[in-house]
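1. output the structure for:
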Amino acid sequence: MDALPRPALTYAPHGGSLDLDPARVPAGFRIFRHEAVIGAGRERWAAAAAAVLEWGMQRGAGIRVSTPRVVVGDDVTITIPFLGVVLIRARTRVLAVVDETDRRGFVYGTLPGHPERGEEAFLVTIDDEGTVRASVQGFSRPSSGFWMLTAPALRIVQAIYTRRYVSALLG
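-> Here you go, the predicted model:
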């Protein structure tokens with residue numbers, strides 16, 4: 001029996017969230033970025049980098065994730081609590097894992113059923129002075145239908161969760 005085809009990502013082109021190059025961001029999408037210092041030193045960086053690759057930003061923000069670890073190519077369901085009473089299920093695909101000397105993290109893109117269309121990168125970096133930063137960056141726009149009608153509220157919720165992701169690594 002043939003496997004069911006995998007759904008396509010809900011936007012194109014793909015891959016623009018790591019450098020936020022406007023030429024690689026689809027027309028009509030909003031670029032966003034939030035970053036904060038979360039500590040200092042290689043040990044702190046290594047711990048934060050490991051946490052990011054185990055969905056630590058999402059779990060620390062109160063989101064449930066359907067897989068234990070970030071794996072390129074996985075389709076993942078994230079369950080987002082909204083106003084304490086509504087659970088929003090959103091599907092994503094892990095597009096890349098970043099594993100560099102001074103930067104670790106991953107990128108995911110949205111699949112059909114996600115409230116937004118777009119891509120996010122979740123990163124931890126360390127600079128030459130040993131300062132460790134966590135960041136979330138990407139581009140998005142509301143998906144169609146109901147979510148287009150809620151665009152202003154959706155942007156507020158996205159901003160709240162973007163800050164929660166980064167704050168999750170402060171502990």
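2. only C-alpha atoms for contact and neighbour calcs from this point on.
-> OK.
3. so who does the residue most central in space within the chain touch?
-> Averaging the C-alpha coordinates of the chain gives a centre point, and the residue nearest to it by Cα atoms, centre = their mean is residue 120 (3.9 Å). Residues touching residue 120, when contacts are defined by Cα atoms under 8 Å, 6 or more residues apart in numbering, comprise 17, 107, 108, 109, 136, 137, 138, 139.
4. helix, strand or coil for it?
-> When states are read from DSSP: H, G, I helix; E, B strand; the rest coil, the local structure at residue 120 comes out as strand.
5. and it, what are its bridge partners?
-> Residues found in beta-bridge contact with residue 120 (criterion: DSSP bridges) are residue 108, residue 138.
6. I'd say residue 92 and residue 76 touch.
-> Yes. Residue 92 is in contact with residue 76 according to Cα atoms under 8 Å; the separation is 5.3 Å.
7. gap between the residue nearest to the centre of the chain and residue 39?
-> The spacing between residue 120 and residue 39, counted by Cα to Cα, to the nearest Å, is 23 Å.
8. the longest strand along the chain packs against which elements?
-> Among the elements of the chain assigned as strand by DSSP state E, the one spanning the most residues is strand 86-99. Where contact means 3 or more Cα pairs under 8 Å, 6 or more residues apart in numbering; DSSP states H and E, strand 86-99 is packed against strand 75-82, strand 103-110.
9. who's in contact with residue 30?
-> When contacts are taken as Cα under 8 Å, 6+ apart, residue 30 is in contact with 139, 140, 141.
10. again with residue 143
-> For residue 143, counting by Cα under 8 Å, 6+ apart, the contacting residues are 114, 115, 116, 117.
11. give me the neighbour count for the closest residue to residue 45 other than its chain neighbours.
-> Distance criterion Cα to Cα, 6 or more residues apart in numbering; nearest residue to residue 45, sequence neighbours excluded, is residue 132 at 5.9 Å. Residues near residue 132, counting by other Cα atoms under 10 Å, number 25.
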